[in-house]
Structures are given as C-alpha cells and as structure tokens.
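> Have a look at this prediction, sequence included:
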Amino acid sequence: MGLKTLGVFLFVVVAAACASGGAAPVSTSPSKPVAQRDRSVITMDELRDPALVGQSILDAIKTLRPNFLSSRGTQTIPFDGNNGVVDEESGKVHASIDDSGVLPLEDLKRIPVGSVVEVRLLSPAAAMQRFGGSAKTGAVIVVRTM
C-alpha cells in the first residue's frame with residue numbers, strides 16, 4: 001500500500017469514526033410527550049388561563065369550546081296520535097353542577113371560572129343515560145367545582 005493510499009484509507013476511517021460517534025441524533029419530537037386533548041373535556045389547566053380570570057364558567061366555555069353550546073333543535077312530542085306538542089327545552093343544551101341534576105344553561109353564569117375543576121360535555125345519548133328524561137334529548141354540560 002502506497003503512502004497516498006494509506007493516507008486516503010486513514011482519512012476514511014477517521015471520518016467514519018467521527019460520523020458514527022460524537023453527536024447525538026437530532027430529534028424533531030418535543031422532550032415531553034404531548035397529551036391528546038379531549039374535545040369533550042375542559043381541564044383545570046385550561047381554566048387557569050389568565051385571560052379567563054374573572055369570567056363565569058359559561059363565558060369560559062364560550063371561549064374554549066363554543067361547540068359545547070350547539071343544540072339539536074326542539075323536538076315534537078306526539079300527542080293524541082295526530083298532533084304534536086313542541087317541547088321548547090328538548091334538544092337544548094343543559095347543565096349539571098356537581099351532580100345536582102339538570103339545570104338551565106344560564107345557571108352557569110353564576111359560577112366563577114376559578115372555582116371549577118372540570119367541565120365535561122355529555123352527548124345527548126350519554127345525558128339521557130345519566131339523567132333520564134330530564135336531559136330533554138339534549139347534551140348536558142357537567143361542571144365539577146372545588
């Protein structure tokens with residue numbers, strides 16, 4: 001092996017050693033795993049946002065998850081076989097505070113955001129299963145306070 005060939009050989013060996021050792025692999029993922037946000041739950045961490053200080057929980061819901069407030073529309077309840085009675089509350093979103101039963105959504109205006117631990121939206125089916133007919137075939141926003 002000539003001196004020139006030996007020099008090229010050593011260069012390749014040293015370059016390969018440097019490339020495989022030394023630097024740590026670059027990671028594009030964050031150092032902490034990012035939790036998937038549950039779209040049907042507002043957590044206490046989200047509620048502690050300084051922009052929400054002094055608001056009611058209803059205002060916070062309007063800001064964080066406006067989709068919680070979407071109603072299904074009123075339902076007609078069959079009456080006497082031919083005619084129906086329109087139930088103005090059916091299909092509307094209602095509330096429940098600390099398992100108090102189903103309440104009007106407006107009751108959430110009196111609850112300060114700082115006193116709430118969690119807000120969870122129950123689908124109409126889940127609300128009917130949990131609260132029965134008082135859910136009025138609509139979703140129910142369940143609020144847990146401290």
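All right, it came through fine.

> Can you list the low-confidence ranges for this structure?
Within the chain, the segments meeting pLDDT under 70 span 1-35, 72-87.

> At which residues are the strands of it located?
41-42, 75-79, 83-87, 94-97, 116-122, 140-145 (DSSP state E).

> Quickly run through the sheet partners of the fifth one, with directions.
Pairing partners of strand 116-122, with direction, according to DSSP bridges: strand 41-42 (antiparallel), strand 140-145 (antiparallel).

> Not counting its own residues, what contacts that strand?
Strand 116-122 has contacts (CB atoms under 8 Å, 6 or more residues apart in numbering) with 40-44, 47, 57, 60-61, 65, 68, 130, 135, 139-146. Quick note: C-beta positions are derived from backbone N, CA and C, even for glycine.

> Which parts of this structure are helices?
Taking DSSP state H, the helices of the chain run over residues 3-20, 44-47, 57-64, 124-131.

> Can you give me the neighbour number for the residue nearest to residue 64 when sequence neighbours are not counted?
Leaving aside its sequence neighbours, residue 64 sits nearest to residue 42 (CB to CB, 6 or more residues apart in numbering; 5.4 Å). Residue 42 has 25 neighbours, counted by other CB atoms under 10 Å.

> Do I have it right that residue 42 meets residue 58?
No - the pair residue 42 / residue 58 is not scored as a contact, 11.8 Å apart, by CB atoms under 8 Å.

> what sits in contact with each of the two?
Between them, residue 42 and residue 58 share no contacting residue under CB under 8 Å, 6+ apart.

> okay, the strands paired with strand 116-122 in TSV with distance to residue 102 next?
Output for the strands paired with strand 116-122, formatted as TSV (distance: least, CB to CB, whole Å):
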stretch	distance to residue 102
strand 41-42	19
strand 140-145	6
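
> from those, which stretch is densest packed?
strand 140-145 (a mean of 21; mean count of other CB atoms under 10 Å).

> For residue 111, give me phi and psi.
phi -100, psi 120 (degrees, to the nearest 10).
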